[in-house]
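Visitor: sequence-free structure coming up:
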Ligand SMILES: [Zn+2]
């Protein structure tokens with residue numbers, strides 16, 4: 001950056017003595033371009049196929065080097081390595097109902113925990129009446145279902161009285177070859193375990209009771225020890241070096257299904273990582289050096305169940321009593337609202353962010369939510385460490401689908417939100433700010 005700014009200044013004939021003021025759109029451009037890069041095909045959806053996660057980790061470590069972030073000794077690098085189990089889809093799947101071939105990602109998805117399925121199967125249509133009429137239920141229980149997929153045509157949400165019976169039925173007591181869930185929206189994920197039987201998600205309306213036969217070819221492999229890593233760097237504080245604020249965001253996403261289907265994860269969470277890089281860029285400028293140290297942690301394994309942050313809290317690099325605050329950014333691509341999770345517990349942090357937003361009008365509103373296990377702040381907060389999670393809401397859709405793309409995630413308020421977060425982080429470093437530590 002130093003070379004870059006000198007170069008720009010000399011281009012415009014401005015004396016280098018004068019304080020360099022980054023143009024106001026510098027950070028929004030920087031953040032958007034970081035988001036575009038992470039969501040590009042090169043990173044294969046930052047998952048477990050084609051080295052997507054590994055390439056992303058390497059890219060982030062390279063960015064940390066460029067920004068001059070330090071790595072924690074004795075670790076020889078920015079990586080904090082761990083292993084995790086994951087079910088991966090190695091081949092392009094094919095699915096046909098009679099003569100109708102379906103398109104993966106658009107018409108259907110194999111459930112993340114789906115094992116390999118090969119062959120032809122009969123279809124049996126199951127609706128609510130099967131759980132309400134004993135005669136109908138009995139007819140299922142008597143059949144040999146080893147070559148049958150059960151199409152679960154049930155309303156969502158389920159009527160309360162059917163919840164238990166359907167949940168038990170989905171444990172597959174009658175040994176069906178598999179289940180087909182009809183979904184209004186196809187939402188994918190990452191599974192750490194493989195199921196014993198097939199599970200497919202098909203978009204509602206694509207298939208009907210007139211379909212008699214399923215031909216399926218799905219190849220998945222369960223990897224018990226997939227190597228993974230969090231990427232961690234820091235900026236030493238000017239005054240209080242041993243106490244840290246953590247800015248965190250998960251860089252992993254869902255990856256790919258075979259070679260052709262990619263989940264780019266632009267909003268979830270290239271946008272959060274890009275926002276974090278914007279903050280790292282800002283605070284790494286000598287004139288912006290923070291008073292406290294700030295560590296930047298790109299977690300992995302979040303989509304598989306917060307596995308990277310669980311590994312971190314079991315092996316903390318900054319001791320918990322020296323962790324002043326955790327700001328977790330996940331889904332930062334929208335422009336209307338920012339929700340703070342764990343805001344009811346961290347009421348001072350909420351009031352602070354809300355009043356800063358009212359003074360600069362970065363977004364329309366800051367909303368408060370209670371604690372939820374929905375991102376990497378969760379276990380920090382459960383340990384009593386002041387930790388919040390921010391996510392945005394607005395025009396960006398496509399959650400956990402192939403449509404969560406860089407083009408559909410413009411980050412319209414990237415610069416404004418960046419400004420808000422800088423003010424927030426600076427306020428957390430003032431003497432008057434008292435961290436709300438819980439349970440001690
Ligand atoms: Zn996420």
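Guide: Yes, it's here. This is a predicted model, so every value here is computed, not measured. Numbers count the residues shown, from 1 in each chain.
Visitor: what's the closest non-adjacent residue to the residue of the stretch 301-440 of the chain found nearest the ion?
Guide: Across the stretch 301-440 of the chain, the shortest distance to the ion (CB to the ion) belongs to residue 330, at 4.4 Å. In this view, the C-beta of every residue, glycine as well, is placed from N, C-alpha and C. In space, and not counting its chain neighbours, residue 330 is closest to residue 375: 4.4 Å by CB to CB, 6 or more residues apart in numbering.
Visitor: Next to the ion, which bits of the stretch 251-400 of the chain? Give me the list.
Guide: Within the stretch 251-400 of the chain, the positions adjacent to the ion are 268, 269, 330 by CB under 5 Å from the ion.
Visitor: The same query, at a cut-off of 8 Å, please.
Guide: 253, 265, 268, 269, 272, 302, 303, 330, 331, 375 (CB under 8 Å from the ion).
Visitor: Now the buried members of these.
Guide: The neighbour count (16 or more other CB atoms under 10 Å) marks 253, 265, 268, 269, 272, 302, 303, 330, 331, 375 as buried among those.
Visitor: so residue 35 makes contact with residue 264?
Guide: No: contact criterion CB atoms under 8 Å: residue 35 and residue 264 do not qualify, at 10.1 Å.
Visitor: what residues are shared contacts of those two?
Guide: Taking CB atoms under 8 Å, 6 or more residues apart in numbering as the contact rule, residue 35 and residue 264 both touch 270, 406.
Visitor: Now do the helices in this protein.
Guide: Secondary structure of the chain by DSSP state H: the helices cover 2-11, 26-38, 52-66, 129-132, 134-141, 163-169, 271-283, 307-314, 347-360, 378-382, 414-427.
Visitor: Quick check: which of those is buried the most?
Guide: Ranked by mean neighbour count, these are led by helix 271-283 with a mean of 26 (mean count of other CB atoms under 10 Å).
Visitor: Off-centre distance for stretch 371-386?
Guide: Taking CA atoms, centre = their mean, to the nearest Å, the mean C-alpha location of stretch 371-386 is offset from the chain mean by 15 Å.
Visitor: start to end distance for that stretch?
Guide: 12 Å (CA to CA, to the nearest Å).
Visitor: List the contacts of the residue of the stretch 1-150 of the chain found nearest the ion.
Guide: Ranked by CB to the ion, the top residue of the stretch 1-150 of the chain for proximity to the ion is residue 46, at 10.7 Å. Listed by CB under 8 Å, 6+ apart, the contact set of residue 46 reads 38, 52, 53, 56, 251, 252, 253, 255, 265, 270.
Visitor: ok, what's across the strand from residue 117?
Guide: Beta-bridge partners of residue 117, counted by DSSP bridges, are residue 218.
Visitor: I'd assumed residue 244 was in contact with residue 294.
Guide: Yes: between residue 294 and residue 244 there is a contact under CB under 8 Å: 6.7 Å.
Visitor: Indicate which one of the helices of the chain is closest to residue 226.
Guide: helix 52-66 (8.4 Å; CB to CB).
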